[in-house]
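A.B. asks: Predicted model and sequence follow; I will ask about them next.
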Amino acid sequence: MIVFRDPGDVPAWFGPSAVAIGKFDGVHAGHRAVIERLKQRAAQSGARAVAVTFDRNPLAVIRPDLCPENVVSVERKIELLGELGLDAVLLLTFDAEFAARSAEEFVTDILVSALQVSTVFVGEDFRFGHGGEGTPALLAEMGPRHAFTVEVVDEVYLPGSHRRVSSSWVRELLAAGDVAAAAAVLGRLADVRGEVVHGHKRGRELGFPTANLESITDAFVPADGIYAGWLVDHDSGIRHPAAISVGTNPTFDDVILRQVEAHVIGENGLDLYGHDVTVEFAERLRGMVAFEGIDELTRQMAADVDDARRVLGISA
């Protein structure tokens, strides 16, 4: 998949394109359904399948007081979109200058001139251009003049649910620690990515060494607690079963910032320092608790590992 970071980067030979526009935060099940429709239409018409998205939530510029936390980082968003088989992503820099552009300029300069759009996919609540003046109706009005059609995509619902799939719903579930339900809404396991750094090495001293991730600043970390999941080591390509801790470890008083720590099950001698890893959350085992002493904590950690084995289907 090609990643364009400016409309000027798109070569003249690239089009025509079938385009889906959106924030795509989390690349959840609703986004995935739209991308599948986009790919089908592109294949039928001989166009390239392209997602147009932004380097930040537009609210970060327009109404920062209302801007929610990102579900995933921008680079992770691009990675997830790439896994869906798109031909390209156009990542637009959403700054004050971009926010001031008119809706007509967005259509003519980006969709028509740069991407040679043939079909545009948007949600019914999609707004674009200065002051949100652009709507699906405006796109449909401009379409005949510029030889493109518009498809307004329906909202996506999970089987048995009356709530539409959305990034807001994902955030609510992660904030509650319900990573299993979040996985259903996302269409994949919730995860965070970072480099393994040195911590207090307390887990190693207790017989349960952990890979501590660097501070996560641009992705939504689930609620404090203990989880079963996986640690993907991108340096080796190995996906390890893991018991994961999120929080400040209240049994001790020397951890100030929330940490994501993953104990790789059955690999106590593994050295992951400096490795680029992704931690995937499968199921929450319990909340974060302050224990009376080291012995009680160690017993609970052993029980947590056993519970993680059960959830992940890993034999002892």
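C.D. replies: Perfect, I can see it now.
A.B. asks: switch to C-alpha atoms for all contacts and neighbour counts from now on
C.D. replies: Noted.
A.B. asks: And D276, its phi and psi?
C.D. replies: Main-chain torsions, D276, degrees, to the nearest 10: phi -90, psi 120.
A.B. asks: and it, what does it touch?
C.D. replies: Shown in contact with D276 (CA atoms under 8 Å, 6 or more residues apart in numbering): 193-196, 233-235.
A.B. asks: got it, and R127?
C.D. replies: Shown in contact with R127 (CA under 8 Å, 6+ apart): 133-136.
A.B. asks: would you turn the residues you listed into CSV with neighbour count?
C.D. replies: What follows is these, written out as CSV (neighbours: other CA atoms under 10 Å):
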residue, neighbour count
E133, 12
G134, 18
T135, 18
P136, 20
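A.B. asks: before we move on, the earlier item: and the contacts of D276, which are buried?
C.D. replies: Buried members of those, scored by 16 or more other CA atoms under 10 Å, are 193-196, 233.
A.B. asks: wait, which of these is closest to H146?
C.D. replies: Of all the buried ones among the contacts of D276, R193 has the smallest distance to H146: 41.5 Å, by CA to CA.
A.B. asks: close enough to count as contact, the closest one and A262?
C.D. replies: No. If you go by CA atoms under 8 Å, R193 and A262 don't touch, sitting 11.8 Å apart.
A.B. asks: which residues do the two both contact?
C.D. replies: V279.
A.B. asks: what ranges do the helices span in this structure?
C.D. replies: 29-45, 59-62, 74-82, 96-99, 103-105, 136-146, 167-175, 179-186, 202-205, 294-312 (DSSP state H).
A.B. asks: Lowest mean pLDDT among the helices and strands of this protein, which one is it?
C.D. replies: Sorted by mean pLDDT, DSSP states H and E, the helices and strands of the chain end with helix 202-205, the least confident at a mean of 54.
A.B. asks: hmm, back to that, can I get the contacts of D276 in a markdown table including distance to T298?
C.D. replies: Converted to a markdown table, these look like this (distance: CA to CA, whole Å):
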| residue | distance to T298 |
| --- | --- |
| R193 | 27 |
| G194 | 27 |
| E195 | 26 |
| V196 | 23 |
| D233 | 26 |
| H234 | 30 |
| D235 | 30 |
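A.B. asks: Would you reformat those as TSV and include distance to E280 and pLDDT?
C.D. replies: As requested, these are exported to TSV (distance: CA to CA, whole Å; pLDDT from 0 to 100):
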residue	distance to E280	pLDDT
R193	9	90
G194	12	89
E195	14	91
V196	14	91
D233	11	94
H234	13	92
D235	16	89
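A.B. asks: and of these, the nearest to I21?
C.D. replies: After measuring these against I21 - CA to CA - the closest member comes out as R193, at 25.3 Å.
A.B. asks: Provide the partner residues of the closest one in its beta bridges.
C.D. replies: Beta bridges link R193 to T278 when assigned by DSSP bridges.
A.B. asks: How much space separates it from E36?
C.D. replies: 26 Å (CA to CA, to the nearest Å).
A.B. asks: Over to A176?
C.D. replies: Distance, A176 to E36, by CA to CA: 30 Å.
A.B. asks: what's the answer for I265, then?
C.D. replies: Taking CA to CA as the measure, I265 falls 36 Å from E36.
A.B. asks: and if you look at I62?
C.D. replies: In terms of CA to CA, I62 sits 30 Å off from E36.
A.B. asks: for F281, same thing?
C.D. replies: Noted for F281: a distance of 25 Å to E36, by CA to CA.
A.B. asks: From L92, how far off is the spatially closest residue to V10 that is not a sequence neighbour?
C.D. replies: Take V10 and drop its neighbours on the chain: the residue closest to it by CA to CA, 6 or more residues apart in numbering is A114, 6.1 Å away. Using CA to CA, A114 is found at 12 Å from L92.
A.B. asks: Which one's more surrounded, those two?
C.D. replies: A count of neighbours by other CA atoms under 10 Å puts A114 above the other of A114 and L92, at 21 against 17.
A.B. asks: Which pLDDT value goes with the more buried one?
C.D. replies: The score at A114 is 97. That number is its pLDDT.
A.B. asks: Go ahead and confirm it touches P16.
C.D. replies: No. With contacts counted by CA under 8 Å, A114 stays clear of P16, the gap being 9.7 Å.
A.B. asks: Brilliant, that's me finished.
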